Structures are given as structure tokens and as C-alpha cells.
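In: pasting the structure only:
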């Protein structure tokens, strides 16, 4: 014989559902209570959901034994439970206001409400493909149109938990699932999408690293190219290492001799810079040579530093540079990658010494990376025939490394790439 308990609920309980209300308890008769206690009802409810919803499509039935299908219930359909029963199979079922029945199974049905309020901390960042809703309650949520964009920083005013997950409220905008939010600055993903959609060409190599997050991206960042005067960066880095170790001082003087410009890997003196193109036997301070190498890309100054301080690129120099870049930088061929140059600039940034300071103001600040960017930029340029490069630390609110190598391109293209990336990371 069917054992049934029908709990009739007053209509007012369902006329205005409050999202933070508690579930409505029901008290089975003693015999049913015994069955609930001593039989296995692990997936059944012990209370009636105040705002019932379904995880997926389920059937409703004309009878409490769930044998004759009445229709289909979809997620977010309106449901009103007016009673609870135990059928002949000893299964708990809910009766709906249209005289149909559904299984009282928590794997199928849930109480669509806020279950917890969670602490909110710091900035959050939007992920791609997010949606904004009017409510965190699924059967009350409507899509909301906003001006929010992927990878944008947002301020969260409220964070709640529901049976479908966690949702965050952005003041004046709406609710977003935390699946599409991160507390880690993710703008580097926007940079990656930009580079691959706009600058995907074999003649451009770009490496970007956001220093606060250590996230990096690029295009053709590991392509070997002639690095030209970018190869002066590892020389400057090694000089700063020697300064920091106390082996040399800025006031030390180095003599400009024939030998100091004719060793393997030395630059031709006819290139850039204001020092005499032929040896004058004069002595120049280390401070002066660093300034000329950084600000003028002076070939002679760089040769003097390489000859006396790196000892013509000796083994210690090579191992020091390898430790910073993870690759051998051949100073004779000067072949390198945008990534190598970027890691070298990052190493100089970490030194935070006189070399970095000297790179903050150069003769080339009105072109390439630094041309249109309003924040300080420490950079080193490199030119030779068709190649034009620039490698920089851009002092945005979240500083980043930007290394751009080009072949058969222009200064304007480098500026354009830099402006696009800065527009995202500034």
C-alpha cells in the first residue's frame, strides 16, 4: 500500500521568494521518519527547497511512483513545490502545483539561492568569454550588457557562493561567475592575442615580460637575428656586476689604444658615438664610457669596456651572461634572439645600478619604443643595414620588458608595436 505524506504549503510562501531564505523543513509521520532514518536516502532532501531549480533537463510525472511521464522540466523553469511524498518504491518525491511529481533527488534538484557570503580582497581580472548577469541566482539571472572587456581590472564589491558555484558582483555592472575571474593580472593574454593577430610576420620578433607577475609572451621570440648594438647590453651588464662586486670603480680610467679596438668581437670604430674613430692614447673614466655606450651607443666606448673589463669576452664573462639569459651570446657573430635581449635587460633592471640609470635618458628617446610612451623608458637600440631593434624596461604601473627585433622594417613600426602593448599594460 502506498505510504504518502502530503505537505501543503501556503501560496504566500511561493509568491515572493527571497534568495537568502532558509529551506522549509517538513516533518514526516513516525512510520515515514523510521524509513528515512533506517533506509538509504543519501541523495534525498530533508527539507523542501524554497527556490527549486534543476541542474539539467528532467521528467515530471503524473503519478508519485514516477511511471507516467507528464512533461519535461528545464533549468530555470518556474517550479512550485506544494507537497512531499514517499511512493511505493520507498522513494521521496515532490508534488508540484500542477499536480505532477518529480524525484526529491539532490543530484537533480537544488535550492537556487545564496548559500554563503565570502570575503572579498584586492583587484580581480576578467577572463575571456565572461558573461554578466543581473543576479547570482540562476532562475532570476538575466544577461546584462556592459562596457567591460576581457583582461580588464575590476573591483569586486560582493562575493557569494551558490549551488552552481561562486559569483562576484561588480558595482554598477552585475554578477560574473568567478570561473571567468582571476586575482592574477592576466593582461599578458591580451598582449599575446594582439601580437598574433596584428604582427604575425617573419620579419618581426617580439618578447614581452610583465615583471610583477613573471608572465611572458611574444612572437618569434626565439628566432636568431643579428643583434647589432643590442650586443652591448651584456657588456654593460657585466660591467655593472663588476661594479657591484667592488672589483672596479666608476672613476677608474681605461686607455684608448690600438689593441683596445682590434680584438675578436670588437665593433668597427666608424659606427655611432662621439669618441675619436682612431686611438688617441687618452684615458677615459669608466663612468664616461658607460654613459657613452648607453646614451650614444658609442662603438669605441663599448670596445674599451669589452677589452679591459670583460677581458675580451673571457670565460667568466660568458658564464655570467649565460646565467642571465640561459643561452650563449656569441660576441663575434652577435646573433641573438629577442628573448635573450629581453632577459638581459631584465637582469640589468634587477641590478638597479648605474648602467640602468644611464639607459633612462639616451639620444634615441624620440624614436622606437620610447617615442610616444609617457612613462620613463630605459632602453638600448641597435641598427645595422636592414635590422632595427630596441630593448626596454617600460616603467608602467606594472613595469614590463619589451624587446623588439625587426628586419627590413622601420622605427615607426617599432613605435607602433610598443604603443599597442603599452596601451594594454600601462
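Out: Now that the structure is in, tell me what you want to look at. Just so it is clear, the model here is predicted, and its values are computed rather than measured.
In: buried set for the longest strand seen in the chain?
Out: The single longest strand within the chain, with elements called by DSSP state E, is strand 153-162. By neighbour count on 16 or more other Cβ atoms under 10 Å, the buried set for strand 153-162 is 154, 156, 159, 160, 162. To be clear about C-beta, it is placed using only N, CA and C from the backbone, and glycine gets the same treatment.
In: and what of stretch 194-207?
Out: 194, 195, 199, 203, 204, 205, 206, 207.
In: same check, this time on stretch 169-185
Out: In stretch 169-185, residues buried by neighbour count (16+ other Cβ under 10 Å) are 169, 170, 173, 174, 175, 176, 177, 178, 180, 181, 185.
In: lowest-pLDDT helix or strand in this protein?
Out: helix 12-15 (a mean of 30; mean pLDDT, DSSP states H and E).
In: so what's the residue lying closest to residue 334 once chain neighbours are set aside scoring on pLDDT?
Out: For residue 334, ignoring the flanking residues on the chain, the nearest one in space by Cβ to Cβ, 6 or more residues apart in numbering is residue 231 at 4.5 Å. If you check residue 231, the pLDDT there is 98.
In: verify the stated contact: residue 231 with residue 387.
Out: No. Residue 231 lies out of contact with residue 387 (Cβ atoms under 8 Å); the separation is 11.7 Å.
In: looking at those two, which is more packed in?
Out: Using other Cβ atoms under 10 Å, the more surrounded residue of residue 231 and residue 387 is residue 231, with 26 against 18.
In: the buried residues of stretch 194-207: which two are farthest apart?
Out: 194 and 203 (17.3 Å; Cβ to Cβ).
In: who's in contact with residue 279?
Out: 256, 257, 258, 260, 261 (Cβ atoms under 8 Å, 6 or more residues apart in numbering).
In: what is the nearest of the buried residues of stretch 169-185 to residue 71?
Out: Proximity of the buried residues of stretch 169-185 to residue 71 (Cβ to Cβ) peaks at residue 177, which lies at 29.4 Å.
In: ok, the closest one - contacts?
Out: Residue 177 touches 130, 131, 165, 166, 167, 168, counting by Cβ under 8 Å, 6+ apart.
In: tell me the helices and strands packed up against the helix or strand hosting the fifth one.
Out: What that stands for is residue 167. Element membership of residue 167 [criterion: DSSP states H and E] is strand 165-170. On a contact count with 3 or more Cβ pairs under 8 Å, 6 or more residues apart in numbering; DSSP states H and E, strand 165-170 meets strand 153-162, strand 174-177.
In: any chance of the ones you listed in TSV, plus distance to residue 74 and mean pLDDT?
Out: Shown next, in TSV, are the helices and strands packed on strand 165-170 (distance: least, Cβ to Cβ, whole Å; pLDDT from 0 to 100):
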stretch	distance to residue 74	mean pLDDT
strand 153-162	18	95
strand 174-177	20	98
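In: quick one, which of the ones you listed is nearest to residue 222?
Out: Set against residue 222 and scored by Cβ to Cβ, the helices and strands packed on strand 165-170 come closest in strand 153-162, at 30.4 Å.
In: that closest one: partners in the sheet, and parallel or antiparallel?
Out: strand 116-118 (antiparallel), strand 123-126 (antiparallel), strand 165-170 (antiparallel) (DSSP bridges).
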